[in-house]
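task: produce atomic coordinates for the following.
(2 chains)
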Amino acid sequence: GESVGLHLPTLSVQEGDNSIINCAYSNSASDYFIWYKQESGKGPQFIIDIRSNMDKRQGQRVTVLLNKTVKHLSLQIAATQPGDSAVYFCAEARYSSASKIIFGSGTRLSIRP
Amino acid sequence: DAGVIQSPRHEVTEMGQEVTLRCKPISGHDYLFWYRQTMMRGLELLIYFNNNVPIDDSGMPEDRFSAKMPNASFSTLKIQPSEPRDSAVYFCASSLYRGLTYEQYFGPGTRLTVT
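Residues are numbered from 1 along each chain as shown, chains lettered A, B, ... in the order given. Next up, the predicted model:
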């Protein structure tokens, strides 16, 4: 498969529990943030995005929180399932040029049965 | 839609050889991106196109790398000559801006090994 086995920080969560994945971004000028999920052997998949005029955005079982003061982003996954096992990347961009996004280093989410 | 299609899925070549990676974006998408993923550097944007025109190639590592998009349904990334440090997974992605989100759709990637 097409994944690279990155030596990433790992979050281990019990199936059914909530997961919280954190990310610190670097550019104060960034005003658009995205979370991607990469399963083993696949390309990244868009999960949810948020613009800097919001602090919170919810999707299906996922919530993204943005704290611009400390340049921190988090992804919360409710009732974690085995299918949530993947590497999660946060990414940042300027919304005016949001085609060019900068990916973070990623966090591996591992689900315990 | 079949999604973004990349070929080949795996490529093994010897140092000094030319390598050509191919991508077919999702029909109707007007942006196309080439990324490289390695253990050391993570996921890096190499170049992106809008309406077949290269917009930003600042991520292309050096002159050995070139990318073209002759039409809306096809793009290539060429490495000539290839070097062992080019070994990585190369992803192509496409997107269509719909006014609110810049969701990019990634292909399955091409794993390149240069020996």
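
so what's the spatially most central residue of chain A up against?
With distances taken as C-alpha atoms, centre = their mean, the residue of chain A nearest its centroid is residue A:35 (3.6 Å). Contacts for residue A:35 (C-beta atoms under 8 Å, 6 or more residues apart in numbering or on different chains) come out as A:46-49, A:62, A:64, A:73, A:75, A:88-91. (Each C-beta comes from the backbone N, C-alpha and C, glycine too.)

any idea how far whichever strand or helix holds it is from the chain center?
Assigning secondary structure by DSSP states H and E places residue A:35 in strand A:32-38. On the basis of C-alpha atoms, centre = their mean, to the nearest Å, strand A:32-38 sits 5 Å off its chain's mean C-alpha point.

what's across from the residue nearest to the centre of chain A in the sheet?
residue A:48, residue A:90 (DSSP bridges).

show me where chain A has strands.
Ranges of strands in chain A, per DSSP state E, are A:10-14, A:19-24, A:32-38, A:45-51, A:56-58, A:62-67, A:72-77, A:86-93, A:102-103, A:107-112.

what is the second one packed up against?
I take that to be strand A:19-24. strand A:10-14, strand A:72-77, strand A:107-112 (3 or more C-beta pairs under 8 Å, 6 or more residues apart in numbering or on different chains; DSSP states H and E).

the first one: partners in the sheet, and parallel or antiparallel?
The partner list of strand A:10-14 in its sheet, established with DSSP bridges, is strand A:107-112 (parallel).

average pLDDT across the strand it pairs with?
Summarised as a single mean, pLDDT over strand A:107-112 is 95.

go through it and flag the buried ones.
Buried residues in strand A:107-112, counted by 16 or more other C-beta atoms under 10 Å in any protein chain shown: A:107-109, A:111.

repeat for stretch B:53-70
Judged by neighbour count (16+ other C-beta under 10 Å), stretch B:53-70 contains these buried residues: B:56, B:59-60, B:65, B:67, B:69.

cool, stretch A:33-46 as well?
A:33-38, A:42-44, A:46.

dump the residues you listed into TSV; add pLDDT and distance to residue A:8 as well.
Putting the buried residues of stretch A:33-46 into TSV (pLDDT from 0 to 100; distance: C-beta to C-beta, whole Å) gives the following:
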residue	pLDDT	distance to residue A:8
A:33	94	19
A:34	94	18
A:35	96	15
A:36	97	14
A:37	97	13
A:38	97	10
A:42	94	16
A:43	96	17
A:44	96	14
A:46	94	19
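
most widely separated two among these?
A:33 and A:42 (21.9 Å; C-beta to C-beta).

low pLDDT regions in the chain?
Looking at chain A here, since you left the chain open. A:1-7, A:98 (pLDDT under 70).

my question was about chain B
B:1, B:99-100.

from chain A, how far out is the spatially most central residue of it?
Geometric centre of chain B, nearest residue: residue B:34, 2.9 Å, by C-alpha atoms, centre = their mean. Applying C-beta to the nearest C-beta, to the nearest Å, the value for residue B:34 to chain A is 12 Å.

is it true that that residue touches residue B:88?
No - Residue B:34 is not in contact with residue B:88 according to C-beta atoms under 8 Å; the separation is 11.4 Å.
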